[in-house]
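In: This is a predicted model, with the sequence first.
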Amino acid sequence: MEHVPVTVPGTGTVHHFSTRRGERLGLITGASGERTLLVYDGADPDQPTHSVTLDADEADQLAEVLHTRPFADRLAAVERRLAEIIARHR
């Protein structure tokens, strides 16, 4: 997925994504922690057809669902790797 971030003064950062199928999504990250998801139509690639605004905890919940592995599994893998590195250096 192609990802292009753009800073918009007074708004935050807009992250545009293009999927392998050519679909376009956007995410506006504001200074307050608010996130707005944007869905674009192929007819006008610069005008979102739909938006959904999420507060910080809603964005975290969605991010957790979108991950290919739950956070706890990813954290456990990092902890195992760290333990292996520490064991090698003793």
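Out: That came through fine.

In: can I assume residue 50 sits in a helix?
Out: No: using DSSP: H, G, I helix; E, B strand; the rest coil, the secondary structure at residue 50 is strand, not a helix.

In: Show me the residue sitting in the middle of the chain in space.
Out: Most central in the chain under Cα atoms, centre = their mean is residue 63, positioned 6.6 Å from the mean C-alpha point.

In: how far away is that one from residue 53?
Out: Distance of residue 63 to residue 53, given as Cβ to Cβ, to the nearest Å: 15 Å. Any C-beta I mention is one placed from the backbone N, CA and C, and that applies to glycine too.

In: next structured bit after the helix or strand containing the residue nearest to the centre of the chain?
Out: Here residue 63 is covered by helix 56-66, with elements defined by DSSP states H and E. Per DSSP H and E, the first helix or strand lying C-terminal to helix 56-66 is helix 71-88.

In: tilt between that next one and helix 56-66?
Out: Counting by axes from the mean of the first three to the mean of the last three Cα atoms, to 10 degrees, helix 71-88 lies at 70 degrees to helix 56-66.

In: With only the CA atoms kept, save helix 71-88 in CSV.
Out: Only the C-alpha atoms of helix 71-88 are listed here, as CSV (Å, rounded to 0.1, in the frame of the first residue of the first chain):
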residue,chain,number,x,y,z
PHE,A,71,-0.9,-6.3,20.3
ALA,A,72,-0.4,-8.9,23.0
ASP,A,73,1.1,-11.4,20.5
ARG,A,74,3.4,-8.7,19.0
LEU,A,75,4.6,-7.6,22.4
ALA,A,76,5.2,-11.2,23.5
ALA,A,77,7.3,-11.8,20.3
VAL,A,78,9.4,-8.7,21.1
GLU,A,79,9.9,-9.8,24.7
ARG,A,80,11.0,-13.3,23.5
ARG,A,81,13.5,-11.7,21.0
LEU,A,82,14.8,-9.4,23.7
ALA,A,83,15.3,-12.3,26.1
GLU,A,84,17.3,-14.2,23.4
ILE,A,85,19.5,-11.2,22.8
ILE,A,86,20.2,-10.7,26.5
ALA,A,87,20.9,-14.4,26.9
ARG,A,88,23.5,-14.3,24.1
